[in-house]
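In: quick one, what's the 3D model for this:
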Amino acid sequence: MLFPDEKIEELVVDILERISSGSPVSMAFYEENSRFKRDPIILRLKEASKLLEAEVYYDDRIKLWTTRRPNFLEYSPLTPEEAVALAGIKRNADHYGATLSRTVHYIANFFKRRRYAAKLQNYSVENFKSFMPITTIIDTAIYRGQYLDIEYNSGEEVKIRTVTPLRIANVEYYWYLIAIEKGKTEKQDIRHYALHYIEKIALNDLVFDPYFHQRMRNLVRQSHLGMNAYYKPYNDAKRVVIMIPEDFLHFLERSPFFKLWEIGKQHDSVTIQVADEGEEKEICFRKVHVPSTDAEYRDIIPTIQKYMPQFIVPDIQDNKELILHLRRGSENYAIKKQKLDEVL
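Out: Here you go, the predicted structure:
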């Protein structure tokens, strides 16, 4: 017996490490070499892999447990030990009684969010730790179901608002409180408040409607996937087509900022001839379908402009509105540049 003294949680950590490294595992092997049956091992494996977003599954073809995300531990904010421990805490929450079980879940989720926040810090220009006094109050308000009173410096004036906090999100390198002002009920009333512009924040004694809060919170669950604060996941998305060189696609696939962009299949590729330093050169472009949730395409235009001329917006019917807004932006730029040139 290879694992005579190991606890079942230690077995799960070993399994996760093996699967992540590319080695499918057999539960029969662990059942034969430990004191535990396969069903409780599988239960704990599923719980922990869900926290790790590991996509672990049983492959009927090879009769082994494997993953759809090789090396998932390299990309997860949680270690396998932390995931197994958190899963155990949540599984045993009922042992604390009805009044405390919710608190147990809150503590476990709070730890996971903090780990994910640390991971997102790699894509941020702001130090998340400096906002801990603010985010702690926000988390407390969400947990207790209380409104927040905030003083927000918009750059022109300091605005005082009482809001229903929905979530904290990292958008385009910056940290935001996503909230809706007390008394407003429409999704169009949802706002992003940059944490570095919040001058004062405090819990309000009043509590909000938990059903309304959950409905609004579900609308902004994917806010962090957008390119900037103009991305509104609760709006219907318009789809445009961008042509991108094939040798640039690996960047899209690796970057966390292009998760919503859909790379076309092989038949969507187009090869053109261009002159490069006096020589004719073939460049293969691939169609990429890009969603926009903003009426003026402000959630994607800055990114398209950033990567021009690699990104090309073809003059097709699906792109008519986008091209119109791109031209307006260029015309406004030309006018401002001309006036500045005259002054300078």
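
In: and the helices in the stretch 51-200 of the chain?
Out: For the stretch 51-200 of the chain, applying DSSP state H, counting those that start in this stretch gives helices covering 72-75, 80-91, 98-120, 132-144.

In: lowest average pLDDT across those helices?
Out: For these, the weakest mean pLDDT is recorded on helix 98-120, namely a mean of 70.

In: domain ranges for the protein?
Out: The chain breaks down into these domains under automatic domain parsing: 8-90, 124-224, 238-340.

In: and these as TSV, adding mean neighbour count?
Out: (Each C-beta comes from the backbone N, C-alpha and C, glycine too.) Formatted as TSV, these follow (neighbours: other CB atoms under 10 Å):
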stretch	mean neighbour count
domain 8-90	17
domain 124-224	16
domain 238-340	14
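
In: so which of those domains comes closest to Ala98?
Out: Ala98 lies closest, by CB to CB, to one member of the domains of the chain: domain 8-90, at 15.3 Å.

In: can you show me the CA trace of stretch 34-43 as PDB?
Out: The C-alpha coordinates for stretch 34-43 follow below in PDB (Å, rounded to 0.1, in the frame of the first residue of the first chain):
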ATOM      1  CA  SER A  34      -5.100   3.800   0.400                       C
ATOM      2  CA  ARG A  35      -7.700   3.300   3.100                       C
ATOM      3  CA  PHE A  36     -10.400   5.000   1.100                       C
ATOM      4  CA  LYS A  37     -13.100   4.100  -1.500                       C
ATOM      5  CA  ARG A  38     -13.100   5.800  -4.800                       C
ATOM      6  CA  ASP A  39     -16.500   7.600  -4.400                       C
ATOM      7  CA  PRO A  40     -15.400   9.900  -1.600                       C
ATOM      8  CA  ILE A  41     -12.100  10.600  -3.400                       C
ATOM      9  CA  ILE A  42     -14.000  11.500  -6.600                       C
ATOM     10  CA  LEU A  43     -16.400  13.800  -4.600                       C
END
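
In: next one: it to chain centre, how far?
Out: The chain centre lies 33 Å from the centre of stretch 34-43; the measure is CA atoms, centre = their mean, to the nearest Å.

In: ok, back up a step: now render the domains of the chain as CSV, adding distance to Lys232.
Out: Below are the domains of the chain laid out as CSV (distance: least, CB to CB, whole Å):
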stretch, distance to Lys232
domain 8-90, 24
domain 124-224, 8
domain 238-340, 5
